[in-house]
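Engineer: next input, structure requested:
(chains A and B)
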Amino acid sequence: MKKHAITLMVNGEERDLIVSSNRTLLDALRDDLGYTDTKYGCGTGECGACTILVDGMTSINGCLTLAATMNGKSITTAAGLARNGHLHPVQEAFIENDAIQCGFCTPGMVLKTISLLDENPTPTEAEIRHGLEGNICRCTGYTKIVEAVQDASRRISGSNTSAIGE
Amino acid sequence: MNDLSVVGKRVERVDVRAKVTGGALYAADVQMAGMLYGKIVRCYDYAHAKVTGLDLSKAAQCKGVIKVLGPKDVTQKEYNGSVLDMMVSADMRGMLGDIDDQSIFTDLVKHYGDAIAAVIATSEEAAERAAEKIIVTYEELPVYLTAQAARQPDAVQFRPEKPGNLAFQLPEMAFPDNAYAWGEVDKSFEEADIIVEDTFYVPKQKQCQMEPGAYIALYDDQERLNCWTSTQMPKLVQKKLANLFELPMTRVKINMTVIGGGFGARLGMVLEPETCALAMAVPGRPVKVLSTREEDWVTSPSRHPGKYWMKMGFKKDGTPVACDAKFENYKGAYYMDASGTAFTTGAWLGGMYKFDSLRYRGESYYTNQSVCGAFRGYGNPQTNFVMEQMVDRGCAALGVDPIEWRKKWHKTIGDDGWCIGVPYNSCALDECLDRAAKAIGWTEKRAKYKNQTGTIRRGIGVSVMNHTSGAMPMLLEHTVCDALLHQDATVTLNLACSDMGQGSHTTLRQVAAETLGFPYADVHIAAGDTDAAGFDIGAHASRTLYVGGGAVKQACEDVRKQIFDRAALELAEPVDNLYMEDKIIHVKGASNKSISVQTIADQGVNNFMNPETGELIGQPGQIQGYASFFPPHNAPPFGASIAEVEVDMETGEVKVIELVNAHDIGRAIHPGIVEGQMDGGAQQGLGMALTEETYYDEKGICLNNSFTDYKMLGPSDMPKMTNILVENPDPTGPFGAKGVGEAGIVPPVGATANAIFNAIGIQILDAPITPEKILKALAEKK
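Structural biologist: From the prediction side, this is the model:
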């Protein structure tokens, strides 16, 4: 298998690594770089547990992306959202709205929410639900997750914080 | 109890900061030096076949391979992956006979995905590649996918000691006539004016917990077997592994990793035996085994599917005179807990209504499907789908309102609960029904949806349930907790209760803080491993808050008593004269006499002898509270759901418009957590009613063991939901609390089915109620 030397900017830190052509971004992040906050839930792009942000606000599934195609890209995972010891407003909203139970979908769900609110800062409930269709949660029935996204929308649009919190 | 300061509050959950940043360590996230990877070779070509040849040689030569193991290279001891046999008395266990029928690797495939062999290699990829080089040849055997097929006289016998492939029926010794019964059912039916009867099918629903199975095992230099797993039942899995590998319990340690959802899928052993067997083959090296989603689907247990027949008789005035029922479940390839669900399915039926007579038979048949085991509700959703549709058919024939009938005839305080001889001691189901009916506008909508015509039709349906808080007296219920008071007057609780995501570590901490009279922040829960913690039966049967909370409360009361006893000595006042405020103990009516808990705690630890007098200062000895707690009851929660649906008569599609859930929970220790359980339960209950089923082809090949092909309700499919928390404190629960973990899944099942019945005038007997089944039923009616 051909190997590729690539550089990724993960959560603001430059990381060099060598990956085989078939290495997924999910495996590279988890196993080669130690970003275990990105979760394996299905490996087929159905559950969204491996959602990450690329070059700002674009959400993608790590399990469907080949690491070798990501050379030079900037990647944000859940571990990279806090700024100066403060959680991202979306993370705070998930905590305060009891939107977290087992937590396995949470990193992906939070990152998807950030991407969603970047595209549409004041979504309707239907737009939120539609936007989260690619992220499965089996604990919450989505009720409190939707409430958390609504709360996050208010927090972000109210404070003029950019969704990535720079 | 309005003076509660921590209980009833929406405190921040203990685990959410770690989870929202991704810092929480699930088993797959744990890394160790020298880690090896195991890949299990499974049969995906047949559901029933003899292994006629196994060639491991090519795999052994692959790059990175450390060892390749077949059935003969690991322990030959058979085991039962369920823990149910450890939860019942020796007498009861004796009645079950030999139920150890699983082996680590098999030469007789009994279901799609059965384990044949394994590779240990230096990377996951190397293990996977080598696994592909293992050559297995098979001789195909006939496949049995239903109880009806498996019990044919000429069928291949799964276990000689279980003739007719009948893994379990209610044993004659404990259940005369193999039935859970009271009264004389046949005679009672003679008094009935109206009799309804039908045979239903309940589906093989999957838990679909988001974290797939992941395990690490290490046989270390002290010859101890360590296993990192997200099991729901650490102490029982410790004992099970000790038995399987013939080690004393002191040489087996379960490290509890963060659990990414359970719902029953982790109730017992899943791949812990395989992973530990690999680790035993390479002493000193940790071995990690990661299940793919598809693999997890067919190796962890599902809900018990099967045919469920029921007959009910009523007098003209509505009196329920008799109920007769039989559940023939398709157990899957191995025994697991064949006895459990076969019994409880009837127990929930028996616990609901005041029938003069009732008779329930439960039978579990081996089939060539993946195993069944525990799934949230444990037989209750199956009974809800059938019982509640039969009741509504009866109400239609009687011409009575389904809510009024239920209010009149449900069991209540003083009546036998799910276990005959253990009466209910709290029940607020009438309030649940009244408030749910008001919230959704039952009376108006029920009237409005009569005699509809047209393509889109609305319907509204109700369902009720009883459940449990722990399984006393049928199963052992026991939790040990110790509570250590540190020198800074904070407390660490040490116990083995797991938190699957339902929030138990938060609610247990609230119970502790409230009991101690300390702030929430002053209590920490250590539930990390089985070396440190005393016994706990594990997270099942909605029992962690009720039983674990009982243990926590008792241990903390012990701490509080010791603090007050020492304060009484120091202040030279009787305990009854003392009270605590902000962790200072005062004497009633004497504002100048007080001692802080801080002082007592500090003197307990940092006690130096006075060099002049040779005396200790204050009272030495670190305070530790202890409880080995057996609950006095099973405090059954009750619940009602009302669903409103819209059915498209041309396409058969069902849309759930609204769902109101009202649950009698005793007391909400944390309202947000209770609501979360009801919300999440509803998503699974609606799914069971409408979309969720594991499908097999005629050869027993599973067709939808993936999120691509198994349909769960997504965010846009969920209806508007309202949760009503009815707080009617139970006399035996900690601060009046009853279990809430499972109940949420149950009544949405029957309510959805009854709403469809109300909309289209036909009952659909097979769950899930798919558009195809509705169209077929509508066509047959014409």
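
Engineer: just confirm residue B:235 is within a strand.
Structural biologist: No. Counting by DSSP: H, G, I helix; E, B strand; the rest coil, one finds residue B:235 to be helix, located in no strand.

Engineer: that one contacts residue B:539, correct?
Structural biologist: No. When contacts are counted by Cβ atoms under 8 Å, residue B:235 is not listed as touching residue B:539 (10.9 Å). The C-beta positions use only the backbone N, C-alpha and C, and glycine is treated the same way.

Engineer: okay, now the unreliable bits of chain A?
Structural biologist: Counting by pLDDT under 70, chain A has low-confidence residues at A:159-166.

Engineer: spatially central residue in it, please.
Structural biologist: Geometric centre of chain A, nearest residue: residue A:111, 2.9 Å, by Cα atoms, centre = their mean.

Engineer: mind checking what secondary structure that residue has?
Structural biologist: Classified using three-state DSSP, residue A:111 is helix.

Engineer: what residues are up against the nearest residue to it once chain neighbours are set aside?
Structural biologist: Nearest residue to residue A:111 in three dimensions, chain neighbours excluded: residue A:51, at 4.8 Å (Cβ to Cβ, 6 or more residues apart in numbering or on different chains). Going by Cβ atoms under 8 Å, 6 or more residues apart in numbering or on different chains, residue A:51 touches A:59-62, A:107-109, A:111-112, A:134-135.

Engineer: also residue B:709?
Structural biologist: Residue B:709 makes contacts with residue B:703, as judged by Cβ under 8 Å, 6+ apart.

Engineer: kindly report the same for the one 4 residues further on.
Structural biologist: Taking Cβ under 8 Å, 6+ apart, we find residue B:713 in contact with B:683, B:686-687, B:690-691.

Engineer: and the closest residue to chain A within the stretch 51-200 of chain B, its phi and psi?
Structural biologist: Ranked by Cβ to the nearest Cβ, the top residue of the stretch 51-200 of chain B for proximity to chain A is residue B:124, at 7.6 Å. Per-residue torsions, residue B:124: phi -60, psi -40 (degrees, to the nearest 10).

Engineer: quick check: the gap between the residue nearest to residue A:111 and chain B.
Structural biologist: 11 Å (Cβ to the nearest Cβ, to the nearest Å).

Engineer: which strand residues bridge that residue?
Structural biologist: residue A:61 (DSSP bridges).

Engineer: I'd assumed residue A:53 was in contact with the residue nearest to the centre of chain A.
Structural biologist: Yes. If you go by Cβ under 8 Å, residue A:111 and residue A:53 touch, sitting 5.4 Å apart.

Engineer: what touches both of these two?
Structural biologist: With Cβ under 8 Å, 6+ apart as the test, residue A:111 and residue A:53 both reach A:59, A:76-77.

Engineer: from chain A, which residue is nearest to chain B?
Structural biologist: residue A:37 (2.1 Å).

Engineer: report how many residues lie close to that residue.
Structural biologist: 26 (other Cβ atoms under 10 Å in any protein chain shown).

Engineer: for it, give me its contacts.
Structural biologist: Contacts of residue A:37 (Cβ under 8 Å, 6+ apart): A:77-79, A:107, B:21-23.

Engineer: of these, which belong to strands?
Structural biologist: Using DSSP state E, no member of the contacts of residue A:37 sits in strands.

Engineer: residue contacts, residue B:627?
Structural biologist: Counted by Cβ under 8 Å, 6+ apart, residue B:627 has contacts B:479-482, B:550-555, B:558.

Engineer: possible to save those as a markdown table with neighbour count?
Structural biologist: Formatted as a markdown table, those follow (neighbours: other Cβ atoms under 10 Å in any protein chain shown):
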| residue | neighbour count |
| --- | --- |
| B:479 | 32 |
| B:480 | 20 |
| B:481 | 31 |
| B:482 | 21 |
| B:550 | 27 |
| B:551 | 30 |
| B:552 | 33 |
| B:553 | 23 |
| B:554 | 19 |
| B:555 | 29 |
| B:558 | 19 |
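
Engineer: can you tell me the element residue B:154 falls in?
Structural biologist: Using DSSP states H and E, residue B:154 falls within no helix or strand.
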